[in-house]
Every structure is written in structure tokens, then in C-alpha cells.
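> I would like the atomic coordinates for the input below:
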Amino acid sequence: MPTGAATVRPVAVARPRPATGRVIVLNGAPRSGKSSIVEALLRTADRPTMNLGVDLAIAATAPSLRPGIGLRPGGEHPELEGHVQVGYRALFDSIASHARHGIDVVADLGIHDDHARPLGIWTDAARRLWGVPTHVVGVRCSLDVVIERRARHPERYERGTAAAMRWERAVHDPGWYDAEVDTSARDPETCAAAVRATLAQTEPKALLRHR
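Residues are numbered from 1 along each chain as shown. Modelled structure (predicted):
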């Protein structure tokens, strides 16, 4: 290089960070109508939005560990509960990562702590989603409608009132929500509109109560 020639150095260009995405946790029992609300939210999304929920998690779980995070209440399979805890932690980390990349996430889940030992799933959610705007919505449905929906899929769901009642009690304990919807009283589109209104009008607080 000739004497006195300027040295060219690369200039670091700061990349603009995307705005943090929003997270919606739809929490309810199986067949309460969560998936239909997810579909309605995705159809009407005006921002990059993804669904990360229990059905996807179960499908991605090895058969020997299924139903994974979909394990029903009652503590009947303590040998699977360690995977349930780890599976939820990994899912919450993934949800937080998507949101921090500017993607809205709708997570349809059936979170409960009716296991052989307390797993602290909600506490993990609050810790791992810290700093991410997260609205928690309780999805309810009348028991007779849930039982009728479960009866359509006898290969997937235990039949009878007791099983449906056990899910309903466990999944809504303690029932700390930013909003609630009832799919036996309103169609999925109306429920989705109520969820969107909650995002626009309400500061998320429910998850903070679990910290």
C-alpha cells in the first residue's frame, strides 16, 4: 500500500430491531373451542402472526412421550411429567423468541398443575415471557357442549362427564385472565374480535400475578 494511503475499514451499520410482537395465550380445556378462535385470529391478522400451541407440540413429540404438554390432569403418569415441564419451558422460550423477532404469537394451551407433583407451569410462563406483552385469555364452554364435542372423537378423548369436569376445574385454576370468552355463547369470529379488542384496550396483567 502506498505511503499515506487511507485505510478503509468496514463501517458497522446498526440494524433496526423489529418491534416486539404480542402474545395471546388462549387457555382452556380440550374441545372448548380454542383452535377455532386461533383460525379466526390468523385469518384476520394484520401483522405477522403464528400459532404455537398444544396440538403442534403433541404432533412434534415422540410417541413414547405423548401427549407431552397435553397430559391430562390427575397425576396418572408421573413418569411423563418431567417432559411436560421441560416441554412447556421450551415452548415458552420459543414463543418469547418469535415475539422478540417481531412476530405475534397465538398459543392455544391447556395449562394446569393437577399433576402428581406441582410443576409450576404458570410460574415458568411468567418468567420466560418476561418483557413480552402477553395477554392471557380464558376460553370457556358449557360442559354439555364440551361433552358433545368430545364424543365426536372417541379415539382421542375419554368419554363421560367426569373427565370433562376434571379438565374444566384444573385448567381454570386459579383463573387469572386478562379476558374470558365463552364459545358456547359466541361464534369463533365474535370471540376473536373480543380477543383483539382486549389487545387494543387492556394492559396485560394476568401473567404478572404468577411471578
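
> ranges for the strands of this structure?
Counting by DSSP state E, the chain has strands at residues 23-27, 49-51, 104-109, 134-140, 179-182.

> by contact count, what packs against the third one?
Of the remaining helices and strands, those touching strand 104-109 by 3 or more Cβ pairs under 8 Å, 6 or more residues apart in numbering; DSSP states H and E are strand 23-27, helix 34-43, strand 49-51, helix 54-59, helix 78-100. The way it works is simple: take the backbone N, C-alpha and C, and place the C-beta from them, glycine included.

> now render those as CSV, adding mean pLDDT and mean neighbour count.
Listed next are those as CSV, based on pLDDT from 0 to 100; neighbours: other Cβ atoms under 10 Å:
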stretch, mean pLDDT, mean neighbour count
strand 23-27, 98, 27
helix 34-43, 98, 20
strand 49-51, 98, 18
helix 54-59, 96, 16
helix 78-100, 97, 17
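
> next, format the strands of the chain as CSV and append distance to Ala163.
Formatted as CSV, the strands of the chain follow (distance: least, Cβ to Cβ, whole Å):
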stretch, distance to Ala163
strand 23-27, 18
strand 49-51, 26
strand 104-109, 18
strand 134-140, 17
strand 179-182, 20
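
> which residues are contacting the helix or strand of the chain with the lowest mean pLDDT?
Using mean pLDDT, DSSP states H and E, the weakest-scoring helix or strand in the chain turns out to be helix 143-151, at a mean of 91. The contact list for helix 143-151 (Cβ atoms under 8 Å, 6 or more residues apart in numbering) reads 29-32, 157-161, 163-165, 168, 183-184.

> top of those residues by number of neighbours, please.
Among the contacts of helix 143-151, the one with the most neighbours (other Cβ atoms under 10 Å) is Ser32, at 30 neighbours.

> check contacts around the closest residue to it other than its chain neighbours.
Spatially, and ignoring its direct neighbours in sequence, Ser32 is nearest to Cys141 (4.2 Å; Cβ to Cβ, 6 or more residues apart in numbering). With contact taken as Cβ under 8 Å, 6+ apart, Cys141 is in contact with Gly28, Ala29, Arg31, Ser32, Gly33, Asp182, Thr183, Ser184.

> in the sheet, who's paired with the residue nearest the centre of the chain?
Centroid-nearest residue in the chain, with Cα atoms, centre = their mean: Ala107, separated by 2.8 Å. Under the criterion DSSP bridges, Ala107 forms beta bridges with Val25.

> you'd agree it is up against Gly28?
No: contact criterion Cβ atoms under 8 Å: Ala107 and Gly28 do not qualify, at 11.7 Å.

> could you list the low-pLDDT ranges of this protein?
Along the chain, segments meeting pLDDT under 70 span 1-18.

> verify the contact between Gly28 and Ala164 for me.
No: under the criterion of Cβ under 8 Å, Gly28 makes no contact with Ala164, lying 11.9 Å away.

> tell me how many other residues crowd Gly68.
Counted by other Cβ under 10 Å, the residues lying close to Gly68 total 20.

> let's number from 9 now, not from 1
Sure thing, new numbering starts at 9, so read that last one as Gly76.

> need the nearest residue in space to it, chain neighbours excluded.
Per Cβ to Cβ, 6+ apart, closest to Gly76 is Thr69, 3.9 Å.

> what residues does the one you found make contact with?
Thr69 sits next to Pro75, Gly76, His91, Gly95 when contact means Cβ under 8 Å, 6+ apart.
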